[in-house]
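S.K.: Using only what follows, build the 3D model:
(one chain, ligands or ions: 2)
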Amino acid sequence: MHKHLILLVDDDANILTTLGMRLEAMGYRVATAADGPSAVETAARVRPDLMLLDLRLPGMSGLEVLGVVKGAEPAPEVILLTAQGSVETAVAAIKAGAYDYIEKPVDSKRLGVLLEQALAHRGVRQEVGRLKESLREMGRFGHMVGQSDAMQVLYQFIDQVARTEATVMVTGESGTGKELIARTIHDMSPRAQGPFVAVNCSAIMATLWESEMFGFEKGAFTGAHKRHLGYLEQAAGGTLFLDEIGEMTPETQAKFLRVLETRRVNRVGGSHEIPLDIRVVAATNRNLEEAIAEGAFREDLYYRLNVFTLHAPPLRERRSDIPLLARTFIRQFAEAYGKRLELDEAAWALLKGHDWPGNVRELRNAMERAVILAADGVIGARHLPPHLANGGGAAAAAGARTMATMLEGMTVADMERKLILHALEQTNGNKTQAARQLGISLKTLHNKLARYRDGATQEAH
Ligand SMILES: Nc1ncnc2c1ncn2[C@@H]1O[C@H](COP(=O)(O)OP(=O)(O)OP(=O)(O)O)[C@@H](O)[C@H]1O
Ligand SMILES: [Mg+2]
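M.R.: Ligands and ions are numbered 1, 2, ... in the order given. Below is the predicted model of the structure:
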């Protein structure tokens, strides 16, 4: 059996000898150090499974040593040796990651039990770490799926940023999983037990922004029958996810910037500001740099939000994820609809050849549709959305012929309108993407849409 290595750290030479001998008698291998710096150096060199660490040391306090060794990978389990009556420091040390403490003079029986518990704990911790790693290699990270290099890099970033309190901005096209990323950050953060409150900025009317975000006191306005907590306060102790941040109006941007700066909120009709304990994750599928250049988004707010940026790559740039995602969604939906289904080769070819402008959401929707349509155990090309088949080759040629008949009697304006609507449909209404697909600027697209809208109202009159 593997003998665990224990690093014993104490400035009392007597303790090093006597306790060292007792540990060896219990069957452990033992290394020793007599001060802080040499404890750190020895730990790095011999990589002990466990440290028995005196709290009061020359050179460096036990707490400082703890901080350093707990940052190592793999980190040893640490049990503190404390003089009688220094329980408070020991409690602080446990918060900093120590497993437990034992008072001097050390009782052999208690020490034996504690060592076994701590080493078992370490074993479990390592096992969890290994499982997480192999899941990640298999393409799973929390609820996220994808084994491409791009996703592995993203998982790594999420893992790092989740442990901090940093404000995060998630960018990416529609349907790339921005909200899922925000949830994953929350679930993997120390705030996981707290609430996750998702707010879609484009869905809140500017006039209601304050009462929805800040909440209101009873009697603040007609209809305010009782106190109402806004989204900001609802997220206290947890994470506030601000979706479509690019759609905030200039006024709401100014109000929200103030909240971020002061970390305080004043309910509508309230008499004082209330401190806020929230972590903010924002998302946008708009290019905010462009919006800043156009004067539509505040630069100061952008820098406040953009402490750490995560970019969700579009599916067409990580095509190797398509099979795993497709299989995962088919399994989920097949189970939900009580079917057993697999894709045939023709269907696979279409999935792999498509550009997925609506990204993972489009793929997910296509898989749900296919599971509903297919009855006989196999999903074929005919169960996939028709536009997947119009992508290239013979299908495109056939499409061109029907196009010619379709074009008869159409004006250029009709054509343009049809093209724009088609692009918007394909991109799930994402204007930035639709404009790119059409080869026109976002501004031109906005202008054209406004013209159609005005035209439509005139028609309605
Ligand atoms: N990597 C992924 N693994 C599994 N499911 C995913 C992944 N990415 C996205 N999805 C799923 O795709 C759908 C769209 O994801 P999500 O809502 O997070 O996208 P989004 O980037 O917020 O889109 P939008 O900009 O349109 O709001 C959801 O059902 C989500 O669960
Ligand atoms: Mg979203």
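
S.K.: Now do the same for Leu55: its pLDDT.
M.R.: The score at Leu55 is 87. That number is its pLDDT.

S.K.: residues touching it, list them.
M.R.: Shown in contact with Leu55 (CB atoms under 8 Å, 6 or more residues apart in numbering): 61-63, 80-83, 86, 89-90, 93. Backbone N, C-alpha and C define where each C-beta goes, glycine included.

S.K.: just the buried members of these?
M.R.: 61-63, 80-82, 86, 89-90, 93 (16 or more other CB atoms under 10 Å).

S.K.: of all those residues, which comes closest to ligand 1?
M.R.: Closest approach to ligand 1 among the buried ones among the contacts of Leu55 (CB to the nearest ligand atom): Ala93, at 39.2 Å.

S.K.: I'd assumed Gly67 was in contact with the closest one.
M.R.: No. The pair Ala93 / Gly67 is not scored as a contact, 9.7 Å apart, by CB atoms under 8 Å.

S.K.: In helices, which of the buried ones among the contacts of Leu55 fall?
M.R.: When DSSP state H is applied, the buried ones among the contacts of Leu55 are split such that 62-63, 89-90, 93 fall in helices.

S.K.: So what touches stretch 157-167?
M.R.: Counting by CB under 8 Å, 6+ apart, 141, 168, 181, 184-186, 188-190, 260, 279-282, 304-308, 310 sit against stretch 157-167.

S.K.: at 6 Å what do you get?
M.R.: 168, 184-185, 188-189, 279-280, 305, 307-308, 310 (CB atoms under 6 Å, 6 or more residues apart in numbering).

S.K.: which among the residues you listed end up buried?
M.R.: Buried residues within the contacts of stretch 157-167, counting neighbours by 16+ other CB under 10 Å: 168, 184-185, 188-189, 279-280, 305, 308, 310.

S.K.: Dump the residues you listed to TSV, plus distance to ligand 1, pLDDT and secondary structure.
M.R.: Listed next are these as TSV, based on distance: CB to the nearest ligand atom, whole Å; pLDDT from 0 to 100; DSSP: H, G, I helix; E, B strand; the rest coil:
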residue	distance to ligand 1	pLDDT	secondary structure
Val168	14	96	strand
Thr184	9	96	helix
Ile185	12	96	helix
Met188	15	90	coil
Ser189	17	88	coil
Arg279	18	95	strand
Val280	16	96	strand
Leu305	16	91	helix
Phe308	17	91	strand
Leu310	11	95	strand
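
S.K.: which non-adjacent residue is nearest Glu173?
M.R.: Closest residue to Glu173 apart from its sequence neighbours, by CB to CB, 6 or more residues apart in numbering: Pro314 at 5.1 Å.

S.K.: Point me to the residue of the stretch 1-150 of the chain nearest ligand 1.
M.R.: Going by CB to the nearest ligand atom, ligand 1 is nearest to Val145 of the stretch 1-150 of the chain, at 3.6 Å.

S.K.: Please report the distance of the nearest residue to Thr171 once chain neighbours are set aside from Phe157.
M.R.: Once flanking residues are discounted, Thr171 sits nearest to His311: 5.1 Å by CB to CB, 6+ apart. His311 is 9 Å from Phe157, where distance means CB to CB, to the nearest Å.

S.K.: what is in contact with the two at once?
M.R.: Here His311 and Phe157 share no contacting residue, scored by CB under 6 Å, 6+ apart.

S.K.: Mind picking the two most distant members of the contacts of Leu55?
M.R.: Maximum pairwise distance in these, criterion CB to CB, is 14.4 Å, between Leu63 and Ala83.

S.K.: who touches the residue of the stretch 1-150 of the chain closest to ligand 1 in this structure?
M.R.: By CB under 6 Å, 6+ apart, the contact set of Val145 is 139, 324-325, 328.

S.K.: The residue in the stretch 51-200 of the chain positioned nearest to ligand 1: what's it in contact with?
M.R.: Nearest residue of the stretch 51-200 of the chain to ligand 1, counting by CB to the nearest ligand atom: Gly177, 2.6 Å away. Neighbouring residues of Gly177 by CB under 6 Å, 6+ apart: 312, 360.

S.K.: What does it show for phi and psi?
M.R.: The phi/psi pair for Gly177 (degrees, to the nearest 10) reads phi 100, psi 30.

S.K.: repeat for Leu50
M.R.: Leu50 adopts backbone torsions of phi -150, psi 150, taken as degrees, to the nearest 10.

S.K.: Likewise for Thr239?
M.R.: phi -120, psi 130.

S.K.: Does it touch Phe196 like I think?
M.R.: Yes. Here Thr239 lies in contact with Phe196, judged by CB atoms under 6 Å, at a distance of 5.2 Å.

S.K.: Spit out the residues that contact the two alike.
M.R.: Shared contacts of Thr239 and Phe196 (CB under 6 Å, 6+ apart): His186.

S.K.: Counting neighbours, go ahead and name the busier of these two.
M.R.: Using other CB atoms under 10 Å as the criterion, Thr239 and Phe196 rank with Thr239 on top: 23 against 19.

S.K.: Who is the more buried one paired with across the strands?
M.R.: Following DSSP bridges, Thr239 is listed with bridge partners Phe196, Arg279.

S.K.: For the host helix or strand of Arg45, which outside residues touch it?
M.R.: Using DSSP states H and E, the element containing Arg45 is helix 36-46. Residues from elsewhere that reach helix 36-46 (CB under 6 Å, 6+ apart): 7, 9, 31, 33, 57, 59-60, 65, 68-69.

S.K.: send the alpha carbons of stretch 144-161 over as CSV?
M.R.: Extracted in CSV, the C-alpha atoms of stretch 144-161 (Å, rounded to 0.1, in the frame of the first residue of the first chain):
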residue,chain,number,x,y,z
MET,A,144,-22.1,22.8,-21.6
VAL,A,145,-21.3,20.5,-24.4
GLY,A,146,-18.5,20.7,-26.9
GLN,A,147,-15.1,19.1,-27.2
SER,A,148,-13.5,21.5,-29.8
ASP,A,149,-10.3,23.3,-28.9
ALA,A,150,-12.3,26.6,-28.8
MET,A,151,-14.6,25.2,-26.2
GLN,A,152,-11.8,23.7,-24.1
VAL,A,153,-10.2,27.2,-24.0
LEU,A,154,-13.6,28.6,-23.0
TYR,A,155,-14.0,26.0,-20.2
GLN,A,156,-10.6,26.9,-18.9
PHE,A,157,-11.5,30.6,-18.7
ILE,A,158,-14.9,30.0,-17.1
ASP,A,159,-13.2,27.8,-14.5
GLN,A,160,-10.8,30.6,-13.6
VAL,A,161,-13.2,33.5,-13.7
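
S.K.: Alright, that wraps it up for me.
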